[in-house]
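>>> Provided below are the primary sequence and the corresponding predicted coordinates.
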Amino acid sequence: MSCGGTVSSSSELDKRPAVDTHDEPSAEWGWHGTFPKAVRIAGVISALFCFAMLIGNHHGFTEDLWLIATGTSIILFLVWDGVRGRTSWRR
């Protein structure tokens, strides 16, 4: 469709930038998503694993501090990500 010498596209597919399938093989079949539920599940399992490693044969308190800090930071990131994802439609 021509309008004043310029060509306007009528579909969303024409407006998307071209993606080389050698760089991103998933572009061939049109998927560029993530797995948000799987990431959250993996985060909870990782945090629980960090806290489970507190039980055991430790010689210093530094190891415990690292495990607690790592597990807590994972939990805080999951909470932040959940709140951000819930309120993203309002912005």
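Thanks, I have it. Residues are numbered from 1 along each chain as shown.
>>> Contact partners for the residue nearest to F77 when sequence neighbours are not counted?
Closest residue in space to F77, ignoring its immediate chain neighbours: G43 at 7.0 Å, by C-beta to C-beta, 6 or more residues apart in numbering. Just so you know, the C-beta spots here come from the backbone N, C-alpha and C atoms, and that holds for glycine as well. When contacts are counted by C-beta atoms under 8 Å, 6 or more residues apart in numbering, G43 touches I74, I75, F77, L78.
>>> Would you reformat these as JSON lines and include neighbour count and pLDDT?
JSON lines is the format used below for the contacts of G43 (neighbours: other C-beta atoms under 10 Å; pLDDT from 0 to 100):
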{"residue": "I74", "neighbour count": "20", "pLDDT": "97"}
{"residue": "I75", "neighbour count": "17", "pLDDT": "97"}
{"residue": "F77", "neighbour count": "12", "pLDDT": "96"}
{"residue": "L78", "neighbour count": "18", "pLDDT": "95"}
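>>> Now render the residues you listed as JSON lines, adding distance to L67 and secondary structure.
Output for these, formatted as JSON lines (distance: C-beta to C-beta, whole Å; DSSP: H, G, I helix; E, B strand; the rest coil):
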{"residue": "I74", "distance to L67": "11", "secondary structure": "helix"}
{"residue": "I75", "distance to L67": "13", "secondary structure": "helix"}
{"residue": "F77", "distance to L67": "16", "secondary structure": "helix"}
{"residue": "L78", "distance to L67": "17", "secondary structure": "helix"}
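>>> Could you identify the most distant pair in those residues?
The two members of these with the most space between them (C-beta to C-beta) are I75 and F77, at 7.3 Å.
>>> pLDDT at the residue nearest to F77, what is it?
Per-residue confidence (pLDDT) for G43: 96.
>>> The one 4 residues further on too?
The model reports A47 with a pLDDT of 97.
>>> Report the separation between it and V83.
Remark: distance between A47 and V83 (C-beta to C-beta, to the nearest Å) = 17 Å.
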